[in-house]
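*Asks:* quick one: sequence plus predicted model below, questions after.
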2 protein chains.
Amino acid sequence: MPVGLEKAELDRIEEIVAVRRKVKRKDTLFRSGERFTSLYAIRTGVFKTQVTTEDGRDQVTGFQMAGEIIGLDGIVNNRHSCDAVALEDAEVCVMPFDRIEELSREVTALQRHVHRIMSREIVREHGVMLLLGSMRAEERLAAFLLNMVQRLHARGFSATELVLRMTREEIGSYLGLKLETVSRTLSKFVEEGLLEVNQRHVRILDEAELQRLVNPPACA
Amino acid sequence: MPVGLEKAELDRIEEIVAVRRKVKRKDTLFRSGERFTSLYAIRTGVFKTQVTTEDGRDQVTGFQMAGEIIGLDGIVNNRHSCDAVALEDAEVCVMPFDRIEELSREVTALQRHVHRIMSREIVREHGVMLLLGSMRAEERLAAFLLNMVQRLHARGFSATELVLRMTREEIGSYLGLKLETVSRTLSKFVEEGLLEVNQRHVRILDEAELQRLVNPPACA
DNA sequence: CGCCGCATTGACGTTCGTCAAGTCTAGTGG
DNA sequence: CCACTAGACTTGACGAACGTCAATGCGGCG
């Protein structure tokens, strides 16, 4: 997680990361309204984060996997403003935020790291806003699949195959679509020979075409 | 901008904030791809930030006004990933980010402040994702108007009147709607007696009803 | 005074949501 | 081990919401 630095510093960082917590499938790591104390680094498993309105609608704001950090939303008000739910049995490192702040005052590499993580999340969300605000269903789903497979590939998994840990409804919530639209669009991709889909198992057959869907060639 | 602390510290913070920059209407404060060096605190004027795809579509990711900080997107990669455009003549404080990091190692209040600003932006974007992903046009526009007037009110302006600094197209881009839909929805609100609209001048007549639009009473 | 960018409005089309029926799979208990 | 069930998924028919295209109006600035 942190970058190359000295031994004494490394020890102190490892101390922060010492506490582990297991979260079973469908359990929450934290919920909106709960007191914020720590950030969590995912060791294993996949999570979704979601925000909910008073009238019960909710929006999945992201899917997080090993190596990613969740809980940043809680810093502003010392309360979490979204739920984090495990999509499969998972384990996280509990990193007390006051310890992080304390140590990042001394270790500039850690300070930079924290800033970059938060900035990365802001940039990621810009991308989601672009997706939700100006893409059609096919484009959204293609972007989603490519993003997932790319992140999995970076973790040593296949570059063409993936197992979705979330339901069609959760994908739909993330992409601003109804589950039927997700299902139909997947079926369409299969018909067109872009994918093989077997329940939650997806194999990408034509990555180039999916990529073209996301970013149509500039028509100029 | 910073919170209550000591004199020597305050001096050093003011040093960071010393450099000003004027930006004329339609000019950019920074553009996607430019090297990131500084955060900017808006002193006067309103900005929009937007991301652009290779094929030319773009998405307004936010409107920022006095007291708000822009440029956080640049921290991850030392390059900006969005454009910041002044919607009217504006002035900002240029705050070199390495100076901010340096000083926030010594002044814990500043460190906390920086963290909270970034976290607040993440939470704000969650709200936008909710809006884009699960609200209908009327709800989006009502939410937008209430948000704008509330922020203006917090700055000493009217709680019921506002002047939009952006075009219908820019509002539409932010809300994931076409400009015609924005225009039509505004007209509908006028017909229903919720608003008075005169070009970019808007007066809110029935805030309660707008609020109900955003958050329909739990039907339980 | 005239132009140009912005806004409004109407008619029509497309995309996606809604509702409903039916299938498949995994997990459970007999 | 197998039948049963519940949750997840698929597919179709239909409709609503929003986008598209086009015509027109309005206001500010040179």
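*Replies:* In hand now; what should we look at?
*Asks:* domain ranges for chain A, per the record?
*Replies:* In terms of domains, chain A is parsed into A:7-130, A:136-214 (source: automatic domain parsing).
*Asks:* for the helix or strand bottoming out on mean pLDDT in chain A, buried residues please.
*Replies:* Taking mean pLDDT, DSSP states H and E as the measure, helix A:7-16 is the helix or strand of chain A with the lowest mean score, a mean of 84. Within helix A:7-16, the residues scored as buried using 16 or more other CB atoms under 10 Å in any protein chain shown are A:9, A:13, A:16. Every C-beta, even on glycine, is put in place using the N, C-alpha and C of the backbone.
*Asks:* is it in proximity to chain B?
*Replies:* No. In terms of CB under 8 Å from any CB of the partner chain, no part of helix A:7-16 sits within range of chain B; the closest distance is 13.8 Å.
*Asks:* same question, stretch A:174-190
*Replies:* Yes. Stretch A:174-190 comes into contact with chain B (CB under 8 Å from any CB), by way of A:174-176.
*Asks:* save the residues you listed as CSV, and put in pLDDT, neighbour count and distance to A:V60 too.
*Replies:* As requested, these are exported to CSV (pLDDT from 0 to 100; neighbours: other CB atoms under 10 Å in any protein chain shown; distance: CB to CB, whole Å):
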residue, pLDDT, neighbour count, distance to A:V60
A:Y174, 98, 25, 4
A:L175, 98, 23, 9
A:G176, 98, 24, 10
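*Asks:* looking at those, which are in helices?
*Replies:* Cross-referencing these against helices under DSSP state H gives A:174-175.
*Asks:* quick check, nearest of the residues of stretch A:174-190 next to chain B to chain B?
*Replies:* Nearest to chain B out of those is A:G176 (CB to the nearest CB; 3.7 Å).
*Asks:* distance to DNA strand D for the residues of stretch A:174-190 next to chain B - can I get that in CSV?
*Replies:* Putting these into CSV (distance: CB to the nearest atom of the strand, whole Å) gives the following:
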residue, distance to DNA strand D
A:Y174, 13
A:L175, 13
A:G176, 11
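*Asks:* ok, so of the residues of stretch A:174-190 next to chain B, who is nearest DNA strand C?
*Replies:* A:G176 (6.2 Å; CB to the nearest atom of the strand).
*Asks:* A:G62 and DNA strand D, how far apart?
*Replies:* The gap separating A:G62 from DNA strand D is 18 Å, by CB to the nearest atom of the strand, to the nearest Å.
*Asks:* and the strand or helix carrying that residue, anywhere near chain B?
*Replies:* Using DSSP states H and E, the element containing A:G62 is strand A:58-64. Yes. Part of strand A:58-64 sits near chain B under the criterion CB under 8 Å from any CB, namely A:58-59, A:61.
*Asks:* what's that strand packed up against?
*Replies:* strand A:47-52, helix A:108-134, helix A:168-175, helix B:108-134 (3 or more CB pairs under 8 Å, 6 or more residues apart in numbering or on different chains; DSSP states H and E).
*Asks:* run the chain-centre distance for the second one.
*Replies:* Which is helix A:108-134. Distance of helix A:108-134 from the chain centroid (CA atoms, centre = their mean, to the nearest Å) equals 11 Å.
*Asks:* kindly report the same for the third one.
*Replies:* With CA atoms, centre = their mean as the basis, helix A:168-175 stands 13 Å off its chain's centre.
*Asks:* between it and helix B:108-134, how many degrees?
*Replies:* Orientation check (axes from the mean of the first three to the mean of the last three CA atoms, to 10 degrees): helix A:168-175 against helix B:108-134 gives 120 degrees.
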